[in-house]
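**Q** A predicted structure for the sequence below; I have some questions about it.
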Amino acid sequence: MIAHSIRHPSSKHSIYLLFVLVLGSALPFLSQTPQQAAANPSFKISKDVAVPMRDGVILRADVLLPSDTGRFPTLVYRTPYNKESALRGYKSFEKAVARGYAVVVQDVRGRYASDGEFTPYQTEGHDGYDTIEWAAQQPWSNGNVGTFGLSYPGAVQWLAAVENPPHLKAMVPAMTFSTPRNFFYSGGVFDGSWLDWIWLNIAPDIRTRQNLPGPKTHKEAAESWKLEHQRMQEFLPLRDLPDLKEVAPFYYEWLAHPPTDPWWDWAELRSKYDRVHAAVLNFSGWYDEAYGPDGATTNFNGLLAARRGEIDPRTRTVIGPWTHGGQEESRSGEREFGPTAAIDYDELILRWMDHYVRGIDNGVDREKRVRLFVMGENVWRDEDVWPLQRARSESFYLSSKSADDRIGSLEHSLTEKNFVNSSFKSDPAHPLTDPYTAYGAHDYRSLAGREDVLVYDSEPLPANVEITGPIHAEIYLSAGCRDVDLWVRLLDVAPDGTAFNLMSPGLDVLRASYRKESLQPVYLDGESITRLDLDRMLTSNTFLSGHRIRVQLSGAFFPHFSRNLQTGNSEVTSSRTFPCVVKIFHGKKHPSRIVLPVIPR
């Protein structure tokens, strides 16, 4: 167990984020006591309408209808976070009704008003299909259905869409995933934030339903988390943590399956785009959880490939400078992006639905397929494709002047004058820990110079340099242990020393034993030099004149993801840790580098 204090990070699935389906503060969601929606003469609402699933389980939904009679295009929103809270917290549903839609807001299986057992994500494909088709057949529906929602309410859309419900015409799955390998895991490392997602968001309702001991409201869960999070996050082995055994048996099943296990195929989207026939608007933020921007771009390109040859492929992607659910904010963490950064998310959704569900010619189909926010310059850019075809790959090589050099340099070329390697310590019992508790842009200059971190800086840039697209790190290393995790973080260093990260943790990590993505781990071989390729990073940022490009290396970034014990044994089943020294090679024989997509000026 780790002796020093570890601060709780903002969970990738935290209640303050996942509850956000559209905009603004999530505070209205903190109350979990069901209430009747206030009477509104502009629409009609039916509460707890029974929606039968194919196995006989009843899910319940609130149905909002325009005050007029007739059949209406229909929008479906499915949530594990209490439909009553969603209806109280946001005006999105009422806006849709005012626009002429019927709206179905449903608690997913095993949550709040719905029957059945909650097994996250696994039942959402069939349940989503059944709900969409049920809605299409109601006397108030014209049979044309769209879906929307963010994070878990985004994931349920994809899981239903790959089942190909015939009446699903359009969807806006925001800030969600493309593959379980970058959702439950990332780079072969288990995502630590599932722990607080369950504790804060899921466990209270389950305890209430099953009359189990422990916190039964979000407020109680938040207070107990303050006291218990360090013990729970540091607990080894992961599978022996007692706290979730009754409330979340699914958590332990996840732990039992490594990322390459075929068991996960039910959550894999990348091989199923040809099954999806709805119009899909993909949506994420550069500071979204790591799976978000990867999901938005991967799903977008997958759909384009499956629809090659269609005049209108009916897919688009929008990525802003936001955190998870922060799309109506101009600031992410400590970085301000100006008044154009925030968007009207409701209007984005409804314009998409107006065209693809209602058939209104509003020009959505003629807009460029990619809309990106370029940080640094703080401007929106419309593009035809992702990645940008005009991007030029430029290599920046890691270099140092001595073996003890903690702050090396990034060079366009290597010379014989440079030392051939640098090293950092990696101790799973005392991992490098994120000093910040919330996602977003933060100043990480304090990490430079630590014995468990290496940084490499470019010279101050003589002119603006825009980096937009996928980023590839090619790192040669050896280690005195059987396995290590390698974090390769990209930062923008201002003249005053401020060092901002350009993405959230997760895209920038790779477990050495996972480097071949095989079912069986491939461990390091003694002091042999091994090349690790990290190819899932992506961003859009202009490094302004006078700024430096920084690459930061470490063996951990706790507690966002689980620790590599470095013994060759899994942290799921073992607790013994082994510290070691990791050597990073950057001579001419082993040219460690980062390859950046530079946009020509």
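**A** That came in fine, so what should we check first?

**Q** who does the host helix or strand of residue 456 pair up with?
**A** Here residue 456 sits within strand 453-457, counting by DSSP states H and E. Applying DSSP bridges to the sheet, strand 453-457 is found paired with strand 407-411 (parallel), strand 548-554 (antiparallel).

**Q** just checking, next helix/strand downstream of it?
**A** strand 465-479.

**Q** That following strand pairs with which strands, and in what direction?
**A** Neighbouring strands of strand 465-479 in its sheet, by DSSP bridges, are strand 530-543 (antiparallel), strand 580-585 (antiparallel), strand 593-599 (antiparallel).

**Q** Of the strands paired with strand 453-457, which stretch is the most buried?
**A** Comparing the strands paired with strand 453-457 by mean neighbour count (mean count of other C-beta atoms under 10 Å), strand 548-554 comes out on top with a mean of 23. C-beta: built from backbone N, CA, C; applies to glycine.

**Q** coming back round to it: residues in contact with the strand holding residue 456?
**A** For strand 453-457, contacts defined as C-beta atoms under 8 Å, 6 or more residues apart in numbering pick out 398-400, 406-410, 422-424, 432, 447-448, 493, 548-554, 584.

**Q** Tell me who's in contact with residue 480.
**A** Neighbour list for residue 480: 527, 580, 581 [criterion: C-beta under 8 Å, 6+ apart].

**Q** any idea how far stretch 327-334 is from the chain center?
**A** In terms of C-alpha atoms, centre = their mean, to the nearest Å, the centre of stretch 327-334 is set 16 Å apart from its chain centre.

**Q** now do the same end-to-end measure for it.
**A** Terminal residues of stretch 327-334 are spaced 15 Å apart (C-alpha to C-alpha, to the nearest Å).

**Q** in it, what counts as buried?
**A** 327, 328, 329, 330, 331, 332, 333 (16 or more other C-beta atoms under 10 Å).

**Q** ok, now stretch 338-356?
**A** Buried-residue list, stretch 338-356, by 16+ other C-beta under 10 Å: 341-343, 345-346, 348-356.

**Q** Which two of the residues you listed have the greatest separation?
**A** Largest separation among the buried residues of stretch 338-356 by C-beta to C-beta: 341 and 356, giving 26.3 Å.

**Q** Residue 296 and residue 319 touch, don't they?
**A** Yes: with contact defined as C-beta atoms under 8 Å, residue 296 reaches residue 319; the gap is 5.9 Å.

**Q** any idea how far residue 541 is from the nearest residue to residue 150 once chain neighbours are set aside?
**A** Spatial nearest neighbour of residue 150, chain neighbours left out: residue 174 (4.0 Å); criterion: C-beta to C-beta, 6 or more residues apart in numbering. Separation of residue 174 from residue 541 (C-beta to C-beta, to the nearest Å): 22 Å.

**Q** Just the CA coordinates for stretch 365-383, please, in CSV.
**A** Extracted in CSV, the C-alpha atoms of stretch 365-383 (Å, rounded to 0.1, in the frame of the first residue of the first chain):
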residue,chain,number,x,y,z
ASP,A,365,-25.8,17.8,-45.1
ARG,A,366,-23.8,20.5,-47.1
GLU,A,367,-21.6,21.5,-44.2
LYS,A,368,-18.0,20.3,-44.0
ARG,A,369,-17.7,17.0,-42.3
VAL,A,370,-15.1,18.0,-39.7
ARG,A,371,-15.3,21.0,-37.4
LEU,A,372,-12.3,21.4,-35.1
PHE,A,373,-11.2,24.0,-32.5
VAL,A,374,-7.5,24.9,-32.8
MET,A,375,-6.3,25.7,-29.3
GLY,A,376,-3.6,28.4,-28.9
GLU,A,377,-5.0,30.5,-31.7
ASN,A,378,-8.5,29.8,-30.4
VAL,A,379,-10.3,29.5,-33.7
TRP,A,380,-12.7,27.1,-35.2
ARG,A,381,-11.7,25.3,-38.5
ASP,A,382,-13.9,23.5,-40.9
GLU,A,383,-12.2,20.6,-42.7
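
**Q** quick one: contacts of that stretch?
**A** Outside stretch 365-383, the residues that touch it by C-beta under 8 Å, 6+ apart are 286, 300, 304, 312-321, 335, 337-338, 340-341, 355, 384-386, 464, 466, 468, 492, 502, 539-544.

**Q** Is there a quick ChimeraX command that grabs whichever of those are buried?
**A** This is how ChimeraX selects the buried members of the contacts of stretch 365-383, with burial counted by 16+ other C-beta under 10 Å:
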select :286,300,304,313,314,315,316,317,318,319,320,321,335,337,341,355,386,466,468,492,502,539,540,541,542,543,544
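
**Q** Looks to me like residue 516 is in a helix.
**A** No: with DSSP: H, G, I helix; E, B strand; the rest coil as the criterion, residue 516 is located in coil rather than a helix.

**Q** ok, now which ones touch it?
**A** Contact partners of residue 516, counting by C-beta under 8 Å, 6+ apart, are residue 522.

**Q** same deal with the one 5 residues further on?
**A** The contact partners of residue 521, taken as C-beta under 8 Å, 6+ apart, are 483, 513, 514, 568.

**Q** Make TSV out of the contacts of residue 480 and add pLDDT and neighbour count.
**A** Below are the contacts of residue 480 laid out as TSV (pLDDT from 0 to 100; neighbours: other C-beta atoms under 10 Å):
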residue	pLDDT	neighbour count
527	80	9
580	97	20
581	97	15
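
**Q** and of these, the nearest to residue 120?
**A** Nearest to residue 120 out of those is residue 580 (C-beta to C-beta; 35.6 Å).

**Q** does the residue nearest to residue 150 really touch residue 154, like I thought?
**A** Yes: applying C-beta under 8 Å, one finds residue 174 in contact with residue 154, separated by 4.9 Å.

**Q** Between the two, which has more neighbouring residues?
**A** Taking other C-beta atoms under 10 Å, residue 174 and residue 154 do not tie; residue 174 has more neighbours (31 against 27).

**Q** Phi, psi for the more buried one please.
**A** phi -100, psi 140 (degrees, to the nearest 10).

**Q** For beta bridges, what are the partners of it?
**A** Listed beta-bridge partners, residue 174: residue 150, residue 283 (assigned using DSSP bridges).

**Q** confidence score at it?
**A** pLDDT, residue 174: 98.

**Q** Counting neighbours, which bits of the helix or strand hosting residue 50 end up buried?
**A** According to DSSP H and E, residue 50 maps onto strand 43-52. Residues of strand 43-52 classed as buried: 43, 44, 45, 48, 49, 51 (neighbour count, 16+ other C-beta under 10 Å).

**Q** As a markdown table, those residues with pLDDT and distance to residue 77 would be great.
**A** A markdown table is the format used below for the buried residues of strand 43-52 (pLDDT from 0 to 100; distance: C-beta to C-beta, whole Å):
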| residue | pLDDT | distance to residue 77 |
| --- | --- | --- |
| 43 | 88 | 15 |
| 44 | 94 | 17 |
| 45 | 96 | 14 |
| 48 | 98 | 15 |
| 49 | 98 | 14 |
| 51 | 98 | 13 |
